[in-house]
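**Student:** Let me see the structure of the following:
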Amino acid sequence: MVQEGVRAMSQLTDRMIRAARLEVALYEEVEADTSALQQAMMVVIASSVAAGIGAVATGGVIGIVKGTLGALLGWYVWAFITYFVGTRVLPQPQTRADTGELLRTIGFSSSPGVLRIFGFIPVLGPVIALVASLWMLVAMVIAVRQTLDYTSTLRAVGVCIIGWFVMALIMIVVGGAAGMMGLGR
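**Tutor:** Numbering: from 1, shown residues only. Below is the predicted model:
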């Protein structure tokens with residue numbers, strides 16, 4: 001039992017490193033591995049908690065909890081929007097995907113986000129957080145390109161940008177509604 005847990009953690013760590021290295025084969029692997037959804041969720045949680053810890057000076061412990069829940073919601077919404085835009089609005093003839101495939105690959109594209117844990121370091125922290133965020137975006141473009149079987153990286157960039165804007169709008173509306181109901185505190 002313990003050995004199985006160690007093996008699972010080792011596989012997760014290996015996959016996160018490969019995802020951060022932008023290995024195309026990793027994104028193909030997790031796209032096909034229907035059992036990798038829990039691992040993808042763990043990557044999103046780890047990245048979110050790291051960002052919360054990195055920003056603990058400004059957000060406190062409540063910021064970590066809110067950030068983690070917001071990131072999980074954002075991950076799901078962004079994957080669904082990316083699925084819709086990528087398969088219905090901007091598909092290529094060979095595009096075949098489902099939301100589970102996008103949840104898994106986009107989840108692993110959050111791997112570089114664990115570096116945001118260093119966000120609390122004066123001067124250097126914000127630079128690390130920015131680099132990690134840009135790295136995550138590049139990883140997401142690769143994840144989307146591979147999952148949607150695009151031959152064009154530019155198309156994947158477009159889908160990611162459209163998805164991000166729609167997701168941001170939804171999160172602003174949801175956040176605004178929560179704030180008006182007194183739930184945003």
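**Student:** how close does Trp78 get to Ile62?
**Tutor:** 23 Å (C-beta to C-beta, to the nearest Å). The C-beta positions use only the backbone N, C-alpha and C, and glycine is treated the same way.
**Student:** how many neighbours does Gly5 have?
**Tutor:** For Gly5, the count of nearby residues is 9 (other C-beta atoms under 10 Å).
**Student:** what does Gly54 give?
**Tutor:** 26.
**Student:** Identify the residues contacting it.
**Tutor:** By C-beta atoms under 8 Å, 6 or more residues apart in numbering, Gly54 lies in contact with Arg116, Ile117, Phe118, Gly119, Phe120, Gly125, Ile128, Ala129.
**Student:** More neighbours: Trp78 and Ile62, which one.
**Tutor:** Trp78 (22 against 10).
**Student:** helix or strand right after the one helix or strand that one maps to?
**Tutor:** Taking DSSP states H and E as the criterion, Trp78 maps to helix 56-84. Downstream of helix 56-84, the first helix or strand assigned by DSSP H and E is helix 99-108.
**Student:** Report the rounded mean pLDDT for that following helix.
**Tutor:** For helix 99-108, the mean pLDDT works out to 95.
**Student:** wait, doesn't Val49 sit right on Lys66?
**Tutor:** No: Val49 is not in contact with Lys66 according to C-beta atoms under 8 Å; the separation is 11.5 Å.
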